[in-house]
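*Asks:* build me a model from this:
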Amino acid sequence: MLFIIIHQVYELWFKQVLHELRRLQQVLEANDTPAALSTFKRILTILKTLVGQVDVLETMTPVAFSSFRARLESASGFQSAQFREVEYLLGHKNLAMARHHPADSPGGKRLQAMIDEPSLYDSFLRYLVANGYQVPNELLERQVSEPIPSSSELQTTLLQIYREDPMCTMICERLVDLDEGLQEWRYRHVKMVERTIGGKTGTGGSAGTAYLQKTLFRPLFPDLWAIRDEL
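*Replies:* Below you'll find the predicted structure:
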């Protein structure tokens, strides 16, 4: 019961996060900074809630989980199309993960449609342009299905923003908070899985803890982290 309830609640929060991320894209592209900051606050608060729910799941012992794990068959986090949608909206479009969702399923169709949709980072770049900042054309015109590239030119612009524009800096810092918040949730998830199943194969057929560890400490927005050396 606990395992089922926790994952149902996660799916509800993922649905809300998707709604908020799409709104965040809209208000950034409309250059509405107050609305963007308000939406960031809600998303970040939800992420803290997601992290906190791991504490509840960790009240289940490895023996208790093992007592019903076989009944899950192939069911695992791989089957959460909504979490993949969150990743896609944030720019992490791991196309290999789409194979866990049949192309004719509702989740599979949504993921396929999102491959060629702009991510939150693309909306952020347009926000910078709307505020008079130089953004390289190769970033503005990039193939949005590809990973977010690092750009020394954009880093120069970001350094200027951090030194001269407090309002735009707040938007940049909320993106960093979002990136860090997702990494925090991933870390807590990895440790929860490790203490529950150790080094066993993941329920969905993945490498389990070893696979999840590979997802850690990969920034979504590399340039916003890279500039820390120069500030």
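
*Asks:* counting neighbours, what do you get for Y133?
*Replies:* Applying other CB atoms under 10 Å, we find 16 other residues in the vicinity of Y133. To be clear about C-beta, it is placed using only N, CA and C from the backbone, and glycine gets the same treatment.

*Asks:* nearest residue to the residue nearest to the spatial centre of the chain in space, ignoring adjacent ones along the chain?
*Replies:* The residue lying closest to the centre of the chain (CA atoms, centre = their mean) is E87, at 4.3 Å. Taking CB to CB, 6 or more residues apart in numbering as the measure, E87 lies nearest to N94, with 6.8 Å between them; neighbours along the chain are not counted.

*Asks:* per-residue confidence for the one you found?
*Replies:* The predicted structure scores N94 at 77 on the pLDDT scale.

*Asks:* ok, back up a step: hmm, the residue nearest to the centre of the chain is touching L95, no?
*Replies:* No. Taking CB atoms under 8 Å as the contact criterion, E87 and L95 are not neighbours in contact, 11.1 Å apart.

*Asks:* and after the helix or strand bottoming out on mean pLDDT in the chain, which helix or strand comes next?
*Replies:* Least confident element among the helices and strands of the chain, by mean pLDDT, DSSP states H and E: helix 209-214 (a mean of 61). On the C-terminal side of helix 209-214, the closest following helix or strand by DSSP states H and E is helix 222-226.

*Asks:* what does that next one rub up against?
*Replies:* Counting by CB atoms under 8 Å, 6 or more residues apart in numbering, helix 222-226 makes contact with 148, 150-151, 154-155, 158, 172, 175-176, 179, 219, all of which sit outside it.

*Asks:* so for it, what gets flagged as buried?
*Replies:* Across helix 222-226, burial judged by 16 or more other CB atoms under 10 Å covers 222-224, 226.

*Asks:* with distance to D55, neighbour count and secondary structure added, can I get the contacts of helix 222-226 in JSON lines?
*Replies:* Formatted as JSON lines, the contacts of helix 222-226 follow (distance: CB to CB, whole Å; neighbours: other CB atoms under 10 Å; DSSP: H, G, I helix; E, B strand; the rest coil):
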{"residue": "I148", "distance to D55": "32", "neighbour count": "21", "secondary structure": "coil"}
{"residue": "S150", "distance to D55": "35", "neighbour count": "13", "secondary structure": "coil"}
{"residue": "S151", "distance to D55": "39", "neighbour count": "19", "secondary structure": "coil"}
{"residue": "L154", "distance to D55": "38", "neighbour count": "23", "secondary structure": "helix"}
{"residue": "Q155", "distance to D55": "37", "neighbour count": "17", "secondary structure": "helix"}
{"residue": "L158", "distance to D55": "35", "neighbour count": "23", "secondary structure": "helix"}
{"residue": "C172", "distance to D55": "31", "neighbour count": "20", "secondary structure": "helix"}
{"residue": "L175", "distance to D55": "27", "neighbour count": "20", "secondary structure": "helix"}
{"residue": "V176", "distance to D55": "25", "neighbour count": "15", "secondary structure": "helix"}
{"residue": "D179", "distance to D55": "22", "neighbour count": "18", "secondary structure": "helix"}
{"residue": "P219", "distance to D55": "25", "neighbour count": "17", "secondary structure": "coil"}
